[in-house]
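Student: what's the 3D shape of this:
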Amino acid sequence: MSGAQVVAGGGDFRPRVEKLLTDILGLMGFPARLDLQDATDGSLSVALHFESGAPPGVEPGKRSQVLDSLQFLLNKMLHRPGVERRWVMLGAGAHPEPRPRRDAAAQQQAAAAAPVASVAQVASTPAQQPARAAAPAPAAQPQQRNVRGGQPAQQAAKPAQAPAKSAEADERTLQVEEDPVFREAVRKLAEKSASLGRFYAFAAMKTEDRARVLKAVEGVGGVKVAAEGEGRNRRVVFTPAKPAPMPKRSLLPDDDEDDVDA
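Tutor: A predicted model of the protein is given here:
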């Protein structure tokens, strides 16, 4: 090959995206028909129409950890050094909505703050200062005293407290139908975590499946299993009682490339 720069948005970009996605989905066991089209933000939008059902945790028209991970992996494979970047956005059953870039979001915030700054500048001009100085001072209000200690009551109202976030439902209290095969697999993983001292986690699971995991590991010693996180980031984590350090030869190399905007 010559030293010329390869352009990601060239004529071979779409075939590369289609082949990589087809191969990855085939290895996952969830083949899909791909619908590719150019998005308004310059990215390539791909709608995944799964032929025999979507993977666990993936619902049509919604974002999920599975899609985010697949999108991250695909862009990492496409954006090699010396290649002009063009992002690929994935959607389940439909094209994803374009997401604003970080620089565009910063410009929107600056534009929203501009009217506030102009009002503050007008209020601080010399022409307005005499008017404020001439305004009569409000009459002093007598301090109210409470009944018990005679101390002055606080004049300033306390700021309203932000409403507390709705707590995630406790999966251990849910009544779910038991799956013997699923239960046996989960218990083997819990025993493996305890014996090897390794941390494991289940992500992109439905609430009912998380409940099955927590019920399946009851009685397994040497490991603590709990649900952590909120919303679609909630996961089930296996924490061994005696963690073991990872061998140095199995550590992954550092990746200094820029992260993909998901």
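Student: use CA for all of it now, contacts and neighbours both
Tutor: Noted.
Student: where are the low-confidence patches of the chain?
Tutor: Counting by pLDDT under 70, the chain contains low-confidence ranges at 1-11, 83, 99-168, 248-262.
Student: now with 80?
Tutor: 1-11, 79-84, 98-169, 232, 246-262 (pLDDT under 80).
Student: residue boundaries of the strands in it?
Tutor: Assigned by DSSP state E, the chain shows strands spanning 6-7, 32-38, 44-50, 83-84, 88-92, 200-202, 223-228, 235-240.
Student: just those strands: most buried one?
Tutor: Most buried of those, by mean neighbour count (mean count of other C-alpha atoms under 10 Å): strand 88-92, with a mean of 24.
Student: picking up where we left off before, so for residue 58, which of the strands of the chain sits nearest?
Tutor: If you check each of these against residue 58 by C-alpha to C-alpha, strand 88-92 wins as the nearest, at 7.2 Å.
Student: contacts for that closest one?
Tutor: 43-49, 58-63, 67, 71, 74-75, 96 (C-alpha atoms under 8 Å, 6 or more residues apart in numbering).
Student: could I get the strands of the chain as JSON lines with distance to residue 16?
Tutor: Compiled in JSON lines, the strands of the chain are given as follows (distance: least, C-alpha to C-alpha, whole Å):
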{"stretch": "strand 6-7", "distance to residue 16": "12"}
{"stretch": "strand 32-38", "distance to residue 16": "12"}
{"stretch": "strand 44-50", "distance to residue 16": "12"}
{"stretch": "strand 83-84", "distance to residue 16": "13"}
{"stretch": "strand 88-92", "distance to residue 16": "11"}
{"stretch": "strand 200-202", "distance to residue 16": "31"}
{"stretch": "strand 223-228", "distance to residue 16": "37"}
{"stretch": "strand 235-240", "distance to residue 16": "33"}
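Student: the ones you listed: which one's closest to residue 169?
Tutor: Set against residue 169 and scored by C-alpha to C-alpha, those come closest in strand 223-228, at 10.0 Å.
Student: so where do the helices sit in the stretch 51-200 of the chain?
Tutor: 65-78, 102-123, 129-134, 180-196 (DSSP state H, counting those that start in this stretch).
Student: for the strands of the chain, which one sits closest to residue 19?
Tutor: Short answer: strand 32-38, nearest of the strands of the chain by C-alpha to C-alpha, at 10.2 Å.
Student: what angle separates the closest one from strand 88-92?
Tutor: Orientation check (axes from the mean of the first three to the mean of the last three C-alpha atoms, to 10 degrees): strand 32-38 against strand 88-92 gives 130 degrees.
Student: strands paired with strand 32-38, and their directions?
Tutor: Strand pairing for strand 32-38, determined by DSSP bridges: strand 44-50 (antiparallel).
Student: could I get the CA-only coordinates of the partner strand as PDB?
Tutor: The C-alpha trace of strand 44-50 is given here as PDB (Å, rounded to 0.1, in the frame of the first residue of the first chain):
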ATOM      1  CA  LEU A  44     -23.500   6.000   9.400                       C
ATOM      2  CA  SER A  45     -26.800   4.800  11.000                       C
ATOM      3  CA  VAL A  46     -27.400   1.000  11.000                       C
ATOM      4  CA  ALA A  47     -30.800  -0.500  12.000                       C
ATOM      5  CA  LEU A  48     -30.400  -4.100  13.100                       C
ATOM      6  CA  HIS A  49     -33.500  -6.300  12.300                       C
ATOM      7  CA  PHE A  50     -32.800  -9.600  14.100                       C
END
